[in-house]
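**Q** predicted coordinates and the sequence they were generated for:
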Amino acid sequence: MKTKAAITGIDAYFPEYILTNEELSQMVDTCDEWIMTRVGIKERRILKESGTGSSHLGAKAVKKLLNKTGTSPNEVDLLICSTVTPDMQFPATANIISDKAGIKNGFSFDINAACSGFLYALTVASKFIESGSCKKVIVVGAEKMSSITDYTDRATCPLFGDAAGAVLLEPSKDQETGIIDHMLHSDGSGEKHLHMKAGGSVKPASYDTIDAREHFIYQEGQSVFKFAVSRMADTSVEMMKKHNIKSEELAWLVPHQANMRIIEAVAKRMGISKEQVMINIQKYGNTTAATLPLCLWEWEHKLKKGDKIILTTFGAGFTWGAMYLKWAYNGNNIK
Ligand code: UT7
């Protein structure tokens, strides 16, 4: 039987500052009632310290993870960082995080698949474990979304938050638990609905791009909403059918946290109850590549060895997918 990759530890880090709907209502023409009913976000965290970026958040999460799992930085073979808000265009934020966390013996690189980034990175990481070329891999989703959010645009500024989540991936100790399957998709024709207009090689930064506020997230919300529901639901249902998982057997659905209504619609189409779904969007908003590890981290104490879990995401690209895994350890006595 081939080796499975299993998540054997998880941790997260949030900046302290809490941006509430009340504060946002003083910045743009919005209100708590609209944000709660249309999106389901109450508050989000914002990294305020000047001179700090996604690597600051990622390194904090990774250091906590190393400490919690008793892993020496020297043992880490590979670190993959998923982010759309890298510290700089280059070098990779993964390299900077590794340096800050004292990881010197391995290699590291970034993956950009927007809100699906963590799922993509976890999939890539699992291949290094399954092939036997790595024994300990860290996957970190780290985002300072506030750095590309336009706080004069009410259509996008309530949605996003800053955070990082990290997992340790190792060969599963048994044949049963770990990552069982993944289905990843991308469709570049979705680019027009969700992107950042300037700052890349097509339109480098200039006075004009700054005046036109083109260094921020551009999103056509309604189009993205429809794609997000259908793609996440279809892929998750396909995964359940392929592995013969009945609705009541699924311990947890871990969906990307972009909109409460998207999450509810996906759960409904999968025929599962809201009690089977990890939801913390109200506290953190959409943290892009960090949403999935933040959920797993928050629910870790409830997770039991063998729990059947489906992760599913949708994001800019478009990118989307689902992963089926059986949880590898009992989380109830984790400190
Ligand atoms: O994570 C990556 C993938 N991203 C997503 O999955 C996001 C998908 N999209 C969404 O979640 C939703 O489309 C949004 C939350 C972005 C927007 O919700 P919506 O229900 O689609 O609203 P809408 O854009 O259709 O706007 C409805 C109305 C508009 O007013 P009119 O034209 O009907 O008078 C907007 O101007 O709501 C207005 N509006 C607001 N009102 C108060 C838009 N933003 C706000 C706001 N406060 N913040």
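**A** Structure's in. What do you need? Treat the numbers as computed from the prediction; the structure is a model and nothing was measured. Numbers count the residues shown, from 1 in each chain.

**Q** looking at the stretch 101-250 of the chain, what residue ends up closest to the ligand?
**A** Gly221 (2.7 Å; C-beta to the nearest ligand atom). Where C-beta positions appear, they are placed from N, C-alpha and C, glycine not excepted.

**Q** after the helix or strand where Glu23 lies comes which helix or strand?
**A** Per DSSP states H and E, Glu23 falls inside helix 21-27. Of the helices and strands lying after helix 21-27 in sequence (DSSP H and E), the nearest is helix 32-38.

**Q** buried stuff in that next one?
**A** Ile35 (16 or more other C-beta atoms under 10 Å).

**Q** tell me the secondary structure at the closest residue in space to Thr235 that isn't next to it in sequence.
**A** Spatial nearest neighbour of Thr235, excluding adjacent residues (C-beta to C-beta, 6 or more residues apart in numbering): Ala322 at 4.3 Å. Taken by DSSP: H, G, I helix; E, B strand; the rest coil, the conformation at Ala322 corresponds to strand.

**Q** specify the beta-bridge partners of Ala322.
**A** Ala322 has these beta-bridge partners by DSSP bridges: Met183, Thr312.

**Q** that one: what's it in contact with?
**A** By C-beta atoms under 8 Å, 6 or more residues apart in numbering, the contact set of Ala322 is Leu119, His182, Met183, Met232, Thr235, Ser236, Glu238, Met239, Ile310, Leu311, Thr312, Thr313.

**Q** go on, Phe109?
**A** Neighbours of Phe109 in contact, by C-beta under 8 Å, 6+ apart: Ile80, Cys81, Ala92, Ala94, Asn95.

**Q** of the residues you listed, which is the most crowded?
**A** Cys81 (33 neighbours; other C-beta atoms under 10 Å).

**Q** surely it and Phe118 touch.
**A** No. In this structure Cys81 lies outside contact range of Phe118 using C-beta atoms under 8 Å: 10.0 Å.

**Q** coming back round to it: the contacts of Ala322 into CSV, with extra columns for pLDDT, neighbour count and distance to Ile103?
**A** Listed next are the contacts of Ala322 as CSV, based on pLDDT from 0 to 100; neighbours: other C-beta atoms under 10 Å; distance: C-beta to C-beta, whole Å:
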residue, pLDDT, neighbour count, distance to Ile103
Leu119, 98, 31, 23
His182, 98, 20, 25
Met183, 98, 18, 30
Met232, 98, 28, 33
Thr235, 98, 23, 33
Ser236, 98, 27, 33
Glu238, 98, 12, 36
Met239, 98, 23, 33
Ile310, 98, 25, 30
Leu311, 98, 27, 25
Thr312, 98, 28, 29
Thr313, 98, 31, 26
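
**Q** follow-up on the earlier one: give me the distance between the residue nearest to Thr235 and the ligand.
**A** Distance from Ala322 to the ligand, counting by C-beta to the nearest ligand atom, to the nearest Å: 16 Å.

**Q** same question for Gln276.
**A** Taken as C-beta to the nearest ligand atom, the span from Gln276 to the ligand is 21 Å.

**Q** i'd like the first residue to be 444 from this point on
**A** Got it, first residue is 444 now, which makes that one Gln719.

**Q** would you enumerate the residues in contact with that residue?
**A** With C-beta under 8 Å, 6+ apart, Gln719 has these contacts: Leu693, Ala694, Trp695, Leu696, Ala710.

**Q** can you do 10 Å?
**A** Ser690, Glu691, Glu692, Leu693, Ala694, Trp695, Leu696, Ala710, Met713, Ile752, Ile753 (C-beta atoms under 10 Å, 6 or more residues apart in numbering).

**Q** so Val583: helix, strand or coil?
**A** Going by three-state DSSP: Val583 is strand.

**Q** shouldn't it be in contact with Leu521?
**A** No. If you go by C-beta atoms under 10 Å, Val583 and Leu521 don't touch, sitting 11.4 Å apart.

**Q** buried residues of the longest helix seen in the chain, list them for me.
**A** With DSSP state H setting the assignment, residue counts place helix 664-685 as the longest helix in the chain. Neighbour-count burial for helix 664-685 flags 664, 667-668, 670-672, 674-680, 682-683 (criterion: 16+ other C-beta under 10 Å).

**Q** can you tell me which helices and strands the helix or strand that it is followed by packs against?
**A** Under the assignment DSSP H and E, the closest C-terminal helix or strand after helix 664-685 is strand 695-698. Contact partners of strand 695-698 among helices and strands, from 3 or more C-beta pairs under 10 Å, 6 or more residues apart in numbering; DSSP states H and E: helix 664-685, helix 703-713, helix 734-742, strand 751-758, strand 762-769.

**Q** residues of the stretch 544-693 of the chain that sit close to the ligand?
**A** By C-beta under 6 Å from any ligand atom, the part of the stretch 544-693 of the chain that sits against the ligand consists of Cys558, Arg597, Ala598, Pro601, Gly664, Gln665, Val667, Phe668, Ala671.
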